[in-house]
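In: Here is a sequence with its predicted model. Questions after.
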Amino acid sequence: KFEFNPKDGIDNPALSLSEDTDGEGVWEPRFYLLSKDSTETFGFCLHKELGCEGHIVRQVKLGGLAQRRGLQDGDRLLQVNGHFVDDMDHHKVVQKIKASGNQVLLAVLDSKSYEAAKALGRDLSQMLPTDVRPRLCYIVRDKSGFGLSVSSPEGVRGTFQLSVQQDGPAARAGVPPGSWLLELNGASVKNYSHTQLARKLKQSGSKVTLLVASSAVEEFYRLHGLRVTATLADTSWLPFKVRELHMVKGPAGYGFLLKEDDCSSGTTGQFLWEVDDGLPAEQAGMKEGDRLLAVNGESIEGLDHQQTVLRIRAHDDQVTLLVIDPAGDEFYQSIGLFPPLFFEDNDPASGSHTTSLPSPSGSPGLCPVEVGPKGPVSWLMSAANSIEITQSSRQVEQKRLHQAF
């Protein structure tokens, strides 16, 4: 039997994998939680190379975030935020990373192990945990309460385990029995005493949002030295869904008005109004008051009104928009999260019935993940469009912008 010694390296990876698949360190995916601020990049590029399988990590920036965490040139990307991506279209993988905003959880495999596993026809998805995400749950109280109870070790702060009433509000909202409470209404509970937590729950009124993790998920993050955060959460149990609308322009245009206005949080956003009956926007599922989040797979966070208009017009006759309704927008803002982080393009509730558009870069072989806070500047350099200036009904003294499409 082949004996693998990690200190000696892998001289014959195919032999080591086929003869001793239980060896320590063999076929071990590595997990990295990359967190940056809005002025940084993650510090690597993701390639799809001719003659090579997989999504390949390249150009790891010296001293950059990815290198500091341990990513290496040639690593193959297997998971993004708990989603298996090895068999996914390359542009969609890049979109997933970009949509993660300032934080992303990656699972990678070194190039030699990846190539050996492929040569042996192994299922790479079986090497990875199937559920590594905490869960975000929105609970509406009924006459019996929230349908859960909390226990914690006496005198210990921040450690709370949940018991869930069968078929109660918490169970219906997706809270797993025996899970651990991490956040309440967007705030960490790590410094709460049991009494403080009980008071916060009472102050929540009829609705509460919990970030919870099963024992298996908690153990996964602890063993890998990772911090569990809401940006990595499974939101499939939430009633609020981000929707993808794909439209092909008709003779009368798309049939909606893009208007800049204030969000409930006080920031400025781009909203969709005057949706014309029977035109492409209405047929795609656009609703009055939807907030625009992304255009053609690129977030508009940080863009002003004119830049957003140019994004929409970058393709002459078609566009794909990511939107959320007012209730969902208010929910995500209340807990301090950006909705596109949680868009699932295979979610039947998203309203999407089309595949993603081709990459605007026009370069299928190289998709760099080096996007700044305002996205690729080249998208914004098309011919200028005339923008009307109107008075906002919400703030008479403040000028707002709108544009018909």
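Out: Structure's in. What do you need?
In: in stretch 237-252, what's buried?
Out: Leu238, Phe240, Lys241, Val242, Arg243, Glu244, Leu245, His246, Met247, Lys249 (16 or more other C-beta atoms under 10 Å). No exception for glycine: its C-beta is placed from N, CA and C like everyone else's.
In: In JSON lines: these, plus distance to Phe84 and secondary structure.
Out: Converted to JSON lines, those look like this (distance: C-beta to C-beta, whole Å; DSSP: H, G, I helix; E, B strand; the rest coil):
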{"residue": "Leu238", "distance to Phe84": "22", "secondary structure": "coil"}
{"residue": "Phe240", "distance to Phe84": "25", "secondary structure": "coil"}
{"residue": "Lys241", "distance to Phe84": "22", "secondary structure": "coil"}
{"residue": "Val242", "distance to Phe84": "21", "secondary structure": "coil"}
{"residue": "Arg243", "distance to Phe84": "24", "secondary structure": "strand"}
{"residue": "Glu244", "distance to Phe84": "21", "secondary structure": "strand"}
{"residue": "Leu245", "distance to Phe84": "26", "secondary structure": "strand"}
{"residue": "His246", "distance to Phe84": "25", "secondary structure": "strand"}
{"residue": "Met247", "distance to Phe84": "30", "secondary structure": "strand"}
{"residue": "Lys249", "distance to Phe84": "35", "secondary structure": "coil"}
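In: Against Gln283, how distant is the closest residue to Gly64 other than its chain neighbours?
Out: Computed as C-beta to C-beta, 6 or more residues apart in numbering, the closest residue to Gly64 that is not its neighbour in sequence is Gly43, at 2.6 Å. The gap separating Gly43 from Gln283 is 42 Å, by C-beta to C-beta, to the nearest Å.
In: Contact partners for the residue nearest to Gly64?
Out: Shown in contact with Gly43 (C-beta atoms under 8 Å, 6 or more residues apart in numbering): Val60, Lys61, Gly64, Leu65, Ala66, Gln67.
In: Just the buried ones from these?
Out: Val60, Lys61, Gly64, Leu65, Ala66.
In: out of the buried residues of stretch 237-252, which one sits closest to Ser100?
Out: Ser100 lies nearest to Val242 out of these, by C-beta to C-beta, at 13.6 Å.
In: how about the nearest residue to the closest one, chain neighbours excluded?
Out: That would be Phe343: by C-beta to C-beta, 6+ apart, it lies 4.2 Å from Val242.
In: The one you found contacts Phe240, doesn't it?
Out: No - using C-beta atoms under 8 Å, Phe343 makes no contact with Phe240, being 11.5 Å away.
In: farthest-separated two in the buried ones among the contacts of Gly43?
Out: Every pair of these checked by C-beta to C-beta; the farthest is Val60 and Leu65, at 9.8 Å.
In: Please, where are all the strands along the stretch 251-400 of the chain?
Out: 257-262, 268-273, 291-295, 298-299, 318-324, 366-369, 388-391, 399-404 (DSSP state E, counting those that start in this stretch).
In: For the ones you listed, which has the smallest mean pLDDT value?
Out: Here the lowest mean pLDDT among the strands of the stretch 251-400 of the chain goes to strand 388-391, at a mean of 26.
In: Could you export stretch 135-155 as PDB, CA atoms only?
Out: This file holds the C-alpha atoms of stretch 135-155, laid out as PDB (Å, rounded to 0.1, in the frame of the first residue of the first chain):
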ATOM      1  CA  ARG A 135     -29.800  30.200   8.100                       C
ATOM      2  CA  LEU A 136     -31.700  33.500   8.100                       C
ATOM      3  CA  CYS A 137     -35.200  33.100   9.500                       C
ATOM      4  CA  TYR A 138     -38.000  35.700   9.600                       C
ATOM      5  CA  ILE A 139     -40.600  34.700  12.300                       C
ATOM      6  CA  VAL A 140     -44.000  36.200  12.700                       C
ATOM      7  CA  ARG A 141     -45.500  35.700  16.200                       C
ATOM      8  CA  ASP A 142     -48.900  34.100  16.500                       C
ATOM      9  CA  LYS A 143     -51.200  33.900  19.600                       C
ATOM     10  CA  SER A 144     -48.800  31.400  21.200                       C
ATOM     11  CA  GLY A 145     -45.700  33.400  20.700                       C
ATOM     12  CA  PHE A 146     -42.700  32.800  18.400                       C
ATOM     13  CA  GLY A 147     -42.800  29.100  19.000                       C
ATOM     14  CA  LEU A 148     -39.300  28.700  20.400                       C
ATOM     15  CA  SER A 149     -37.500  28.600  23.700                       C
ATOM     16  CA  VAL A 150     -33.900  29.600  24.500                       C
ATOM     17  CA  SER A 151     -31.400  27.800  26.800                       C
ATOM     18  CA  SER A 152     -27.900  28.800  27.800                       C
ATOM     19  CA  PRO A 153     -25.300  27.700  30.300                       C
ATOM     20  CA  GLU A 154     -25.700  29.600  33.600                       C
ATOM     21  CA  GLY A 155     -23.500  32.700  33.700                       C
END
